[in-house]
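*Asks:* sequence plus the predicted model coming up.
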Number of protein chains: 2
Amino acid sequence: MIKEGVFHFVTESYLLDFRGRVTIPMIGNYLLHAASSHASERGFGYTDMTEKHTAWVLSRIAIEMTDYPKLSEPITLYTWVGEVGRLFTERCFELQNGEGNPFGYARSIWAAIDLETRRPTPLDVEGLSTYVSDRLCPIEKPGKIKPVESEVEGTSFIVKYSDLDINGHLNSIKYMEHLLDMFNIRMFEEKEVRRFEISYLAEGRYGMELTLHSEPIDTDQYAMAICHEGKAICRAAVNWK
Amino acid sequence: MIKEGVFHFVTESYLLDFRGRVTIPMIGNYLLHAASSHASERGFGYTDMTEKHTAWVLSRIAIEMTDYPKLSEPITLYTWVGEVGRLFTERCFELQNGEGNPFGYARSIWAAIDLETRRPTPLDVEGLSTYVSDRLCPIEKPGKIKPVESEVEGTSFIVKYSDLDINGHLNSIKYMEHLLDMFNIRMFEEKEVRRFEISYLAEGRYGMELTLHSEPIDTDQYAMAICHEGKAICRAAVNWK
């Protein structure tokens, strides 16, 4: 089995935003699709993990885009394992257009949790290491994000049925949607998200009241958080250009 | 070009709900994917319509499910044109599992609108009729739905960036999500949606305050509506079993 995975997508009209462009959450869906297929094909997918009473948990992801595909444009997505540690493994992505030119990259950090205790559990370092590729991902790793939840008041929402994933928790893509929805539509009309970075800290559950916080920290740079009872369940950083 | 379209999907873990099952909105996405691909391949897709300054608008859809696929289950989706009228055309769908047994059907009614006036415009009856199939779709057509908006108070939400489609209006799948989110999670734990029917009446726009209304009209049957300033922009009927 070769180390890298290659996946093909074609953008579809009903999944594009009002600009006729692919959205960050939709890119996120493509990345998760590639990640889960790549893992399954190599014996460490969702079902393999469940058999060991474990599950993959996305810990952090940074997505950088220099362009956003339009309607019916083909996307080729490469994914590979970057690093494997005792508790965390890195997965990288490169997005290419129909001419084979890259227009986006992503770096993600994953942990495995025990399904009973919901605590991190050691990875199969040897098994995963078989697939480590030395292909480079030329963007910065997801890093520390400034806490803003105590500085700005949040708008609240309740976690609903459609927000839940197969584990009964707030779906990782839904975090992205709720965060981006905090920006006024004008931002999307005038600019584009150059880098979107998110760090997942705790699980959102059905019926939870969550608050959304956003603060500009520099020109076109925002630090954001989603909180439950004042405690961040995720932090995010968004750079516009 | 053959009349019927056949499309293949495999359910993916990150798109399933907390029951590990495909959701009605996700089924809706599969249907829209098949509809738009089937239409494009036959010269009346999104781009063909745009060239004539027109766009397809989904007017009504009824989805009936006897089973909901689980993780990694293959879905074969058949779609065909049922009827063509001067202003409306019917598209039908049949969903089959890996053994070729049907587990769902859908019937949808579409209109074409003029992109300038946003008013219905006559269809290319002759062109579309080439593809009319006499395959049967054994569920009831979407029909009249009881208005409930004046009888029950609604909970409100504001249309945001992630709710918008390529035309800048509330995405037809997002209507479904917002409506299903009105039901308590217990309903999904104990029952399943047997039939989901929706009638789109007007376009939801960015920043609009919409209200969601739901009323039980019989055992396990609900009539619902989404309103703007007291006027319904869609009505829906949901039957549980």
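*Replies:* Structure received.
*Asks:* what does chain A put close to chain B?
*Replies:* By Cβ under 8 Å from any Cβ of the partner chain, the residues of chain A that approach chain B are A:12-18, A:20, A:23, A:25, A:29, A:32-33, A:36, A:46-47, A:71-72, A:160-168, A:171-173, A:177-178, A:180-181, A:183, A:185, A:188, A:206-207. C-beta coordinates here come from the backbone N, C-alpha and C atoms, glycine included.
*Asks:* what about burial for the residues you listed, which qualify?
*Replies:* A:12-18, A:20, A:23, A:25, A:29, A:32-33, A:36, A:46, A:71, A:160-167, A:171-173, A:177-178, A:180-181, A:183, A:185, A:188, A:206 (16 or more other Cβ atoms under 10 Å in any protein chain shown).
*Asks:* centroid-nearest residue for chain A?
*Replies:* For chain A, the residue nearest the mean C-alpha position is A:Ile61 (4.6 Å; Cα atoms, centre = their mean).
*Asks:* that residue bridge partners, please.
*Replies:* For A:Ile61, the beta-bridge partners under DSSP bridges are A:Ser108, A:Ile198.
*Asks:* tell me the pLDDT of it.
*Replies:* A:Ile61 is assigned 98 on the pLDDT scale.
*Asks:* who's in contact with it?
*Replies:* By Cβ atoms under 8 Å, 6 or more residues apart in numbering or on different chains, A:Ile61 lies in contact with A:Gly28, A:Leu31, A:Ala106, A:Arg107, A:Ser108, A:Ile109, A:Pro142, A:Glu197, A:Ile198.
*Asks:* got the contact list for whichever helix in chain A runs longest?
*Replies:* The helix that spans the most residues within chain A, counting by DSSP state H, is helix A:24-41. The contact list for helix A:24-41 (Cβ under 8 Å, 6+ apart) reads A:1, A:5, A:7, A:9, A:15-16, A:45-48, A:56, A:58, A:61, A:63, A:65, A:75, A:77, A:79-80, A:91, A:93, A:95, A:104, A:106, A:108, A:172-174, A:176-177, A:180, A:193, A:196, B:12-15, B:162.
*Asks:* hmm, which two among the contacts of A:Ile61 are most spread apart?
*Replies:* Taking Cβ to Cβ, the two most distant members of those are A:Gly28 and A:Ile109; they sit 14.5 Å apart.
*Asks:* between these two, which one's more packed in?
*Replies:* Set A:Gly28 next to A:Ile109 and count neighbours by other Cβ atoms under 10 Å in any protein chain shown: A:Gly28 wins out with 25 against 21.
*Asks:* for the contacts of A:Ile61, which one is nearest A:Asn239?
*Replies:* A:Glu197 (8.4 Å).
*Asks:* on that earlier part again, now, which of the buried ones among the residues of chain A next to chain B lie within strands?
*Replies:* Judged by DSSP state E, strands contain none of those.
*Asks:* just the ones of those in helices?
*Replies:* Using DSSP H, these in helices are A:25, A:29, A:32-33, A:36, A:46, A:172-173, A:177-178, A:180, A:185, A:188.
*Asks:* any idea which of those residues is closest to A:Ala202?
*Replies:* A:Ala202 lies nearest to A:Ser172 out of those, by Cβ to Cβ, at 12.5 Å.
*Asks:* the closest one contacts A:Ala236, doesn't it?
*Replies:* No - A:Ser172 lies out of contact with A:Ala236 (Cβ atoms under 8 Å); the separation is 11.6 Å.
*Asks:* give the residues shared as contacts by the two.
*Replies:* Residues touching both A:Ser172 and A:Ala236 by Cβ under 8 Å, 6+ apart: none at all.
*Asks:* thinking again about what came up before, which of the ones in helices among the buried ones among the residues of chain A next to chain B has the weakest pLDDT?
*Replies:* A:Tyr46 (91).
*Asks:* with adjacent residues omitted, what lies nearest to that residue?
*Replies:* B:Ser13 (4.4 Å; Cβ to Cβ, 6 or more residues apart in numbering or on different chains).
*Asks:* and that neighbour, what does it touch?
*Replies:* A:Ser36, A:Tyr46, A:Ile166, B:Leu71, B:Ser72.
*Asks:* any idea how far chain A is from the fourth one?
*Replies:* Taking Cβ to the nearest Cβ, to the nearest Å as the measure, B:Leu71 and chain A are separated by 7 Å.
*Asks:* quick check: phi and psi on that residue?
*Replies:* phi -50, psi 130 (degrees, to the nearest 10).
*Asks:* would you agree it is in contact with A:Thr50?
*Replies:* No - if you go by Cβ under 8 Å, B:Leu71 and A:Thr50 don't touch, sitting 9.0 Å apart.
*Asks:* and which of the contacts of B:Ser13 is nearest to B:Gly127?
*Replies:* B:Ser72 (39.0 Å).
*Asks:* check what pLDDT the closest one gets.
*Replies:* Looking at B:Ser72, its pLDDT stands at 89.
*Asks:* return the residues in contact with the closest residue in space to A:Phe188 that isn't next to it in sequence.
*Replies:* Nearest residue to A:Phe188, sequence neighbours excluded (Cβ to Cβ, 6+ apart): B:Tyr161, at 6.0 Å. Shown in contact with B:Tyr161 (Cβ under 8 Å, 6+ apart): A:Asp17, A:Phe18, A:Leu180, A:Asp181, A:Phe183, A:Ile185, A:Phe188, B:Tyr206.
*Asks:* what about the residue lying closest to A:Ser156 once chain neighbours are set aside, distance to A:Ser150?
*Replies:* Using Cβ to Cβ, 6+ apart and skipping the chain neighbours, the partner closest in space to A:Ser156 is A:Thr211 (4.9 Å). Distance, A:Thr211 to A:Ser150, by Cβ to Cβ, to the nearest Å: 11 Å.
*Asks:* neighbour count: these two, which is higher?
*Replies:* Taking neighbours as other Cβ under 10 Å, A:Thr211 and A:Ser150 compare with A:Thr211 leading, 19 against 10.
*Asks:* the more buried one touches A:Val152, doesn't it?
*Replies:* No - using Cβ under 8 Å, A:Thr211 makes no contact with A:Val152, being 9.9 Å away.
*Asks:* just checking, A:Asp17 touches B:Ile166?
*Replies:* Yes - between A:Asp17 and B:Ile166 there is a contact under Cβ under 8 Å: 7.2 Å.
*Asks:* got the domain boundaries for chain A?
*Replies:* A:5-129, A:155-240 (automatic domain parsing).
*Asks:* go through those domains and name the closest to B:Val132.
*Replies:* Between B:Val132 and these, the shortest gap by Cβ to Cβ is with domain A:5-129, which sits at 23.4 Å.
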